[in-house]
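# coords please:
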Amino acid sequence: MPEQLELQQLVETGSEDCRKLHSPTHSLPPLFWKSCPYLGLFLATLSSLFFSLCSVIVKWLVDVHPMELAACRFVGVLLPAIPIVLFRREPLFPRGRRIMLLLRSFVGTTGLMLSFYAFRHMPLADASVVVFSVPVFVAIFARLFLKEPCGLFNAVSVVLTLIGVVLITRPPLLFGHSIPALASPNETTNTSDFWGAVAAFSATIFGANAYVLLRALKGLHFSVIMTNFGAFALIQTLVVTWELGGLCLPRCGYDRLLVVALAVFSFGGQILLTLSLQMEQAGPVAIARSADIVFAFIWQVLFFKEVPNLYSIAGAILVTSSVMLVGVRKWALALPESSPMKRRLGILAR
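Residues are numbered from 1 along each chain as shown. Predicted coordinates for the structure are as follows:
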C-alpha cells in the first residue's frame, strides 16, 4: 500500500532530521544493533507480515465498506505521529508548505482508498503485486515533475513492471474473458474484476506521485507530514464513506475484533518499519519488504482458496524482480566509493 512505505519514503526525501532519526545510532544502543546485523531486515519482513494481514482483513470483512476500513487504517498512521510532533514542538501546518501538504495528503489518501477497493474486488495476491509496484513508477513522475534523471535501468524496470501488471490484470482485450487455471489446465476462471484492476493500477499511480510530493517536501520533519496526512486522510475517508452510505458500526463479534486488529496491525507495521529503518538503509529494507507479495500469495490460498494461475505467478515474478532490483540499486548508489560491495554489484552501482 502507498503508506506501508511511508517512513521509507520520508527517508528518501533527504531531510536531515529524517536521516538523523533513522541512522543506526540515533535511538538504539550501538552494541545492540551491531550484535544483530540482520535484525533490521527481520523487522522489515515482520512489518510486511503485519501489513499483509491488514490486506487480508480488508478482503475478509465483506460486510464493512472498504472506505470505512481505510479510515481505521489511517488511525494507525495518525496515532504514532501525534506524540512525536508534540514532543518536538514542530509547527503542524507551516506556511509555504500548506498546499503541498494538502496535495500530498489527498494523493496518498486516494491511493490507499483505491488499493482497498482493489483488495476487495481482486484476488489478494494480484492486487498486492500491482499496488506494490509503486517504487518502479516513481522514476517516471520524478522525471516529469522534478526533472530527475531517468536512465536506461529505470526504463527497463518500468517496462518489465508494466508487462507484469498486464499479466496480472489480464485485460479482456488481450486475454478474452477466461484464463486457464493453474490447478487444472482444463478448468477456467473468470478474469479479475475490471474495476478492481483499474483501482489497483490507479492506486499505483497515486502512490508514485506521493513519493514525488514527499521529495518536494524536503526539510519538514516526518512527524509533521504524517500528522497532516493522517488527519486529512481520516476526514476524507469518513466523508467518502458517509457519501457512499457505507458508514456504520461493524457487527458485534468477529467483525469488530477484526476492525480493531486492522488498526493494531497498521500501528505495529508502522512501528516495525520505523525500527528497521533505524538499523538498515532504505534499499535493503525495500528488498525485505518484497516479502509482502509472498505473504499475499500464501494468504490467498490459505484463507480464500484462490489458487493463483500461471499468468499471476509470471507477472508477480516480473514485478517483484523489478522492485528488488530498484532496491538493490538504491543501496548500491548509497555505498561509499571504496566499498568492496559496490564493486561487486557492478553495473547496478553506476
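
# alpha carbons only for contacts and neighbour counts from here, please
Will do.

# Name the SS class of the closest residue to Asp63 other than its chain neighbours, please.
Taking C-alpha to C-alpha, 6 or more residues apart in numbering as the measure, Asp63 lies nearest to Pro250, with 7.8 Å between them; neighbours along the chain are not counted. Under DSSP: H, G, I helix; E, B strand; the rest coil, Pro250 falls in the coil class.

# Next up, the contacts around Pro250.
Applying C-alpha atoms under 8 Å, 6 or more residues apart in numbering, one finds that Pro250 lies in contact with 63-64, 256, 259.

# What's the PyMOL line that selects buried ones from these?
Buried residues within these, as defined by 16 or more other C-alpha atoms under 10 Å, are selected in PyMOL through the command that follows:
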select buried, resi 64+259
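
# Enumerate every residue touching Ala316.
Shown here is Ala316, whose contacts under the criterion C-alpha under 8 Å, 6+ apart are 126, 129, 164, 168, 293.

# what's the burial count for the fourth one?
Spelled out, that is Ile168. Ile168 is flanked by 28 other residues according to other C-alpha atoms under 10 Å.

# how much space between it and Val130?
Separation of Ile168 from Val130 (C-alpha to C-alpha, to the nearest Å) stands at 8 Å.

# The last one now?
Using C-alpha to C-alpha, one obtains 10 Å as the distance from Ile293 to Val130.

# Between the two, point out the one with more neighbours.
More crowded of Ile293 and Val130, by other C-alpha under 10 Å: Val130, with 31 against 26.

# wouldn't the more buried one be in contact with Val166 here?
No - with contact defined as C-alpha atoms under 8 Å, Val130 does not count as touching Val166 (9.5 Å).

# Residue ranges in this structure under the pLDDT threshold?
Counting by pLDDT under 70, the chain contains low-confidence residues at 1-37, 172-193, 277-278, 281-283, 342, 345-350.

# phi, psi of Ser55?
Dihedral pair for Ser55: phi -60, psi -40, per degrees, to the nearest 10.

# contacting residues for it?
For Ser55, the residues meeting the contact criterion (C-alpha under 8 Å, 6+ apart) are 116, 119, 124.

# So what does the first one have for phi and psi?
Backbone dihedrals for Phe116, given as degrees, to the nearest 10, come out at phi -60, psi -40.

# Next, count neighbours for it.
Counted with other C-alpha under 10 Å, the burial measure for Phe116 works out to 28 neighbours.

# And the one 5 residues further on, by the same measure?
Neighbour count of His121, defined by other C-alpha under 10 Å: 19.

# secondary structure class for Val224?
At Val224, secondary structure determined by three-state DSSP is helix.

# Now it. Nearest residue, chain neighbours left out?
The spatially closest residue to Val224, leaving aside those adjacent along the chain, is Leu92, at 5.7 Å (C-alpha to C-alpha, 6+ apart).
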